[in-house]
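Novice: Pasting a predicted model and its sequence here:
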Amino acid sequence: MNGNTELKIFNTLTRRLEPFIPIEPGKVGIYLCGPTVYKPSHVGHMVGPVIFDSIKRYLKYLGFQVTFIVNITDIDDKLIKEAPLQNLTVASLAEKITQDYWENLKKLQVTQIDQFPKATHHIQQIIEMIQGLIDRGYAYPMNGDVYFDISKDSDYGKLCNRDPEQLEAGARIEVNAKKKNPGDFALWKSAKPGEPSWTSPWGEGRPGWHIECSAMSRTLLGDTIDIHGGGLDLQFPHHENELAQSESFTQKPFARYWMHNGLMKTGNKKMSKSEGNEIVVTELLKRHHPETLRFLLLNTHYRSPIEYSEDRLRELRRALDSYYRFFDRYQRICKESFYHLEGSQTKQDSIIQSSKNSLNRTLEKGTEKIDPTNPVESFLQEIQLCYQQFTACLNEDFNTGGAIGILFDLSSILNRFADQQGLETHPDKIEKPVMEAFKQGTLLFRELSQILGLFIEPVSSANTENTTLLDGLIQLALDLRQEARKNKNFAQADQIRKRLTELGVVLEDRAGGTDWRIN
Ligand SMILES: [Zn+2]
């Protein structure tokens, strides 16, 4: 396979929509910048993984063999600062937060990531790369640190399309007397006493953030990768610096396509640590089903900002409920679960392939031969159109929001067909081709939704209103317990805790409040 020329990707490097052509025919390597694991995942951490999980699913659907890497930054100033506050070592804090990250990804059905390389497992490759950059004249050691010299890299700034001076002005680069140019950045940082460190030719120290990604992507995906992804906020300085290091080291292009996803915002404000409005994923998932969050993240084009609000999530849950009702309807009509259509969810790849083939067979007749007065044929024609529109959306720079719109159209067509044909009202009078067509259309729906990683598993029928009510009732009990404690009525406070425990609600008191979860 020589690449699917219909697929186009907006490449940040060229600022153009370009046909997708991988380096090696039939194979795709994707590198996505992952988290620095020092605090529990917030919603923003899920955006890239969910989007690129769907992108990989689609590339696989097109027949590509895809390797998808997300790195874990497990050594950094932020970890060194946070670990003692939690009475943990840097390594154990990293381990704890990485587990939290993985659990959240799993809940969101992010299953397509092949490897999560950790920076601390690649120190040797990092040191080799830094030494290579020094040898080639692109970097210089200085009192135990090593810096990349941006003045030696003639095309530095090309990813952001700005010259180094503009970049410096925009990034509030710290003044550091050790550096030759203000924009030079650390490849290696000398260790202060007591900090985790590794032995290097420049003394005890640890890698800078940017070089970790250059070394890990090269180790796992080679000198040139097909797609490099990350949030828009990483474009500068992180990606510009990764690019500079890698290309200066290998003298080859670092990534063919740079893809940057839009960031979360809430109430017209960027969701960020500095704004103090980040939402912790585990907290959010107490109130909303993970599928609702995934649906939110895929509902816009990945390059647009994602508007987050509780109302928006509730609205999307109502939209999802209409799909869930259709799946119940399918079960009533066909006496089989939508979720078990054509095999099990553990064989996703084969479901996709077999359905693609069977749909092609159904549609082989071609539209010109379709009799518009025949309801089955015109139904099949409609679903064929949905299929074409769905792939057209994803071929246009992975427009998942548009693709979700087509899924909605498809479910409406299926419901209308079931109504018109009386599939529920007089099931015994249904002719075989009608039932076959309905199943075929539903199979297509399952097929396409799986490309987006949606509707993989049944969602419990507890609806949003109930979840909100439950939250409110538990909070009420917690407030009453707090009130009792304040009044030194400890017997009553204990009684409330005991009754909640009996109901399976586990309380965890912490400074400033009480967390709860349902066992
Ligand atoms: Zn990175």
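Specialist: Okay, I see it.

Novice: which residues does the closest residue to the ion within the stretch 351-500 of the chain contact?
Specialist: For the stretch 351-500 of the chain and the ion, the shortest gap (Cβ to the ion) falls at Phe398, measuring 20.1 Å. Every residue, glycine included, has its C-beta placed from N, CA and C. Residues in contact with Phe398 (Cβ atoms under 8 Å, 6 or more residues apart in numbering) are 9, 51, 54-55, 58, 302.

Novice: and His238, that's in a strand?
Specialist: No - going by DSSP: H, G, I helix; E, B strand; the rest coil, the assignment for His238 is helix, not a strand.

Novice: where's it relative to the ion, distance?
Specialist: 5 Å (Cβ to the ion, to the nearest Å).

Novice: Setting aside sequence neighbours, what's the nearest residue to that residue?
Specialist: Once flanking residues are discounted, His238 sits nearest to His210: 5.8 Å by Cβ to Cβ, 6 or more residues apart in numbering.

Novice: Verify the contact between the one you found and Phe236 for me.
Specialist: No - assessed by Cβ atoms under 8 Å, His210 is found out of contact with Phe236, at 11.0 Å.

Novice: shared neighbours, those two?
Specialist: Between them, His210 and Phe236 share no contacting residue, judged by Cβ under 8 Å, 6+ apart.

Novice: the more surrounded of these two?
Specialist: His210 (24 against 16; other Cβ atoms under 10 Å).

Novice: circling back: where does the residue nearest to His238 fall, helix, sheet strand or coil?
Specialist: Assigned state for His210: helix (three-state reduction, three-state DSSP).

Novice: what domains does the record give for this structure?
Specialist: The chain breaks down into these structural domains: 8-285, 309-451, 464-518 (assignment by automatic domain parsing).

Novice: Now the terminal residues of the first one, how far apart.
Specialist: The stretch domain 8-285 measures 34 Å between its terminal residues, going by Cα to Cα, to the nearest Å.

Novice: tell me the mean pLDDT for that domain?
Specialist: Here domain 8-285 scores 94 as its mean pLDDT.

Novice: my guess is Ile333 meets Ala418, correct?
Specialist: Yes - between Ile333 and Ala418 there is a contact at 6.5 Å, judged by Cβ under 8 Å.

Novice: Name the residues contacting each of those two.
Specialist: Residues touching both Ile333 and Ala418 (Cβ under 8 Å, 6+ apart): 424, 438.

Novice: Those two: which has the busier surroundings?
Specialist: Legend: neighbour count by other Cβ under 10 Å for Ile333 and Ala418, higher for Ala418 (21 against 18).

Novice: wait, is that one part of a helix?
Specialist: Yes - counting by three-state DSSP, Ala418 falls inside a helix.

Novice: Contact partners for it?
Specialist: Neighbours of Ala418 in contact, by Cβ under 8 Å, 6+ apart: 329, 333, 424, 438.

Novice: Next one: the residue nearest to His238 from Ser309, what distance?
Specialist: Shown here: His210 relative to Ser309, a distance of 34 Å by Cβ to Cβ, to the nearest Å.

Novice: before we move on, what about Ala191?
Specialist: In terms of Cβ to Cβ, Ala191 sits 44 Å off from Ser309.

Novice: okay, the two: which has more neighbours?
Specialist: A count of neighbours by other Cβ under 10 Å puts Ala191 above the other of Ala191 and Ser309, at 17 against 12.

Novice: Just want the phi and psi numbers for the closest residue to that one other than its chain neighbours.
Specialist: The shortest distance from Ala191 to any non-neighbouring residue, by Cβ to Cβ, 6+ apart, is to Ser197 (3.5 Å). Backbone geometry at Ser197, expressed as degrees, to the nearest 10, gives phi -150, psi 160.

Novice: what about Ser197, neighbour count?
Specialist: Neighbour count of Ser197, defined by other Cβ under 10 Å: 17.

Novice: How about Ala484?
Specialist: Other residues near Ala484 come to 18 when the count uses other Cβ under 10 Å.

Novice: so who does it touch?
Specialist: Counting by Cβ under 8 Å, 6+ apart, Ala484 has contacts 490, 492-493, 496.

Novice: can you rerun that using 6 Å?
Specialist: By Cβ atoms under 6 Å, 6 or more residues apart in numbering, the contact list for Ala484 reads 492-493.

Novice: same thing with Gln389?
Specialist: Contacts of Gln389 (Cβ under 6 Å, 6+ apart): Ile406.

Novice: Buried residues in the host helix or strand of it, which are they?
Specialist: Gln389 is located in helix 375-395, with elements delineated by DSSP states H and E. For helix 375-395, burial by neighbour count (16 or more other Cβ atoms under 10 Å) applies to 376-377, 379-384, 386-387, 390-391, 393-395.

Novice: Tell me which residues touch Tyr339, please.
Specialist: Tyr339 sits in contact with Pro458, where contact means Cβ under 6 Å, 6+ apart.

Novice: That one and Val459: what is the separation?
Specialist: 10 Å.

Novice: Okay, strands next: where are they in the stretch 201-350 of the chain?
Specialist: Ranges of strands in the stretch 201-350 of the chain, per DSSP state E, counting those that start in this stretch, are 205-207, 225-231, 255-261, 264-266, 269-270, 306-307.

Novice: what about the helix or strand where Leu443 lies, distance to the chain center?
Specialist: Per DSSP H and E: Leu443 is located in helix 432-451. Averaging C-alpha positions (Cα atoms, centre = their mean, to the nearest Å) puts helix 432-451 27 Å from its chain's average.

Novice: same question, stretch 135-150
Specialist: Chain-centre distance of stretch 135-150: 35 Å, with Cα atoms, centre = their mean.

Novice: Figure out the length between the terminal residues of that stretch.
Specialist: So stretch 135-150: terminal residues 15 Å apart, Cα to Cα.

Novice: Close to the ion: what parts of the stretch 351-500 of the chain are there?
Specialist: Counting by Cβ under 5 Å from the ion, the stretch 351-500 of the chain comes close to the ion at no residue.

Novice: low-scoring stretches of the stretch 351-500 of the chain, by residue?
Specialist: 351-370, 461-468 (pLDDT under 70).

Novice: mind running it again at 90?
Specialist: The stretch 351-500 of the chain contains residues with pLDDT under 90 at 351-374, 425-429, 459-476, 478-479, 482, 500.

Novice: ok, now which ones touch the residue in the stretch 51-200 of the chain that the ion sits nearest to?
Specialist: Nearest residue of the stretch 51-200 of the chain to the ion (Cβ to the ion) works out as Asn71 at 6.3 Å. Contacts were defined as Cβ under 6 Å, 6+ apart; by that measure Asn71 touches 34, 117, 213, 216.
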